[in-house]
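A.B. asks: coordinates only, sequence not included:
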């Protein structure tokens, strides 16, 4: 923890950026883990909330000259608020239908953002120059730590037990006095808040955002794979998977720039074959 706090003042820009993007991925993995790992609703569209948070933050800064952290907080709250009506509709679906529905929602929102002049349309949204990379780093660190703390609370709370009951058998959980609709929408909203807050920091970090970056399927897929590799529905799985994958990807890119995607993909497949339930569950089985 001390290393992460002093990193912007002790490391050069390359390593600070590497830690920053690692924190973004870790936060996204934790957000996905709440709805998909604990509640059992496998989502391919959590990047929707990341993009909404980014664009809401940029719009607030440009239109109302709001301090960027307040704008990013508002962006996260907006993403969370959007998740309530969206969850009421989408969480009626199950399995692959929910996954594909969320993927379609992400693409629908991306197209709508592209068509709006207020968001810069396809050209993207520019912010005034002069972003403070250090403040964005600490914002993202705080969001990632908050996501870990939230997951620890969920894992140890009655709410978390109810979500796990929903994951195992939603109909049986309903007969055991679990308010199915309330709990799964609450999980969905919490899972939307984290990427929404991260999106607000991301646009300020770049000073610019455009639809393909804000609603990037690559960001979404990589965060999902990180959570799966670390261990779905566990407290530390997204952290271990996020840090491990980011560092391996960066090392392979630096060493083998021409072939790193092929090597990284092959290594990932091998790890998932060897550890089908993830790293954390494998370690628990080994040492229990």
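C.D. replies: Arrived safely. Source: prediction; values computed, not measured.

A.B. asks: those strands in the stretch 151-288 of the chain, which residues are they?
C.D. replies: With DSSP state E, counting those that start in this stretch as the criterion, the stretch 151-288 of the chain has strands at 208-209.

A.B. asks: ok now do residue 88, which residues does it touch?
C.D. replies: Residues counted as contacts of residue 88 (Cβ atoms under 8 Å, 6 or more residues apart in numbering) are 181, 185. Every C-beta, even on glycine, is put in place using the N, C-alpha and C of the backbone.

A.B. asks: same check, this time on residue 219
C.D. replies: Residues near residue 219 by Cβ under 8 Å, 6+ apart: 25, 28, 47, 50.

A.B. asks: what about the third one, distance to residue 246?
C.D. replies: Right, the one you point to is residue 47. 17 Å (Cβ to Cβ, to the nearest Å).

A.B. asks: So for those two, which sits in the more crowded spot?
C.D. replies: Neighbour totals were compared for residue 47 and residue 246, and residue 47 leads with 29 against 20 (other Cβ atoms under 10 Å).

A.B. asks: For stretch 164-178, measure first residue to last.
C.D. replies: 11 Å (Cα to Cα, to the nearest Å).

A.B. asks: Begin at 9 from now on, thanks
C.D. replies: New numbering, starting at 9: the last item is stretch 172-186.

A.B. asks: Mind listing residues that contact it?
C.D. replies: Counting by Cβ under 8 Å, 6+ apart, 46, 47, 48, 102, 170, 188, 191, 192, 241 sit against stretch 172-186.

A.B. asks: Flag whichever of those scores worst on pLDDT.
C.D. replies: For those, the weakest pLDDT value sits at residue 102, with 85.

A.B. asks: quick one: contacts for that residue?
C.D. replies: The contact partners of residue 102, taken as Cβ under 8 Å, 6+ apart, are 49, 178.

A.B. asks: For residue 47, see how far away it is.
C.D. replies: 11 Å.

A.B. asks: can you check residue 126 too?
C.D. replies: 34 Å.

A.B. asks: neighbour count winner among these two?
C.D. replies: Neighbour count, other Cβ under 10 Å: between residue 126 and residue 47, residue 47 has more, with 29 against 11.

A.B. asks: Residues contacting the lowest-mean-pLDDT helix or strand in the chain, please?
C.D. replies: Lowest on mean pLDDT, DSSP states H and E among the helices and strands of the chain sits helix 268-282, with a mean of 79. Under the contact criterion Cβ under 8 Å, 6+ apart, helix 268-282 has outside partners 233, 236, 237, 253, 256, 257, 260, 261, 264.

A.B. asks: what's around the third one, how many residues?
C.D. replies: I take that to be residue 237. Look at residue 237: counted by other Cβ under 10 Å, it has 23 neighbours.

A.B. asks: Contacts only, for the residue lying closest to it once chain neighbours are set aside.
C.D. replies: Once flanking residues are discounted, residue 237 sits nearest to residue 249: 4.0 Å by Cβ to Cβ, 6 or more residues apart in numbering. Residues in contact with residue 249 (Cβ under 8 Å, 6+ apart) are 37, 233, 234, 235, 236, 237, 238, 239, 286, 287.

A.B. asks: and if we set it to 10 Å?
C.D. replies: By Cβ atoms under 10 Å, 6 or more residues apart in numbering, the contact set of residue 249 is 33-34, 37, 41, 231-240, 242, 279, 286-288.

A.B. asks: do the same with residue 75
C.D. replies: 68, 69, 81.

A.B. asks: What of residue 78?
C.D. replies: 65, 68, 69, 72, 208.

A.B. asks: Recalculate using a threshold of 7 Å.
C.D. replies: By Cβ atoms under 7 Å, 6 or more residues apart in numbering, no residues touch residue 78.

A.B. asks: how close does it get to residue 84?
C.D. replies: From residue 78 over to residue 84 (counting by Cβ to Cβ), the distance is 11 Å.

A.B. asks: Tell me which stretches of this protein form helices.
C.D. replies: Assigned by DSSP state H, the helices in the chain fall at 10-18, 21-40, 55-72, 76-98, 103-123, 141-164, 166-176, 178-183, 188-214, 219-222, 225-238, 245-263, 268-282, 287-295.

A.B. asks: Many thanks, we can stop here.
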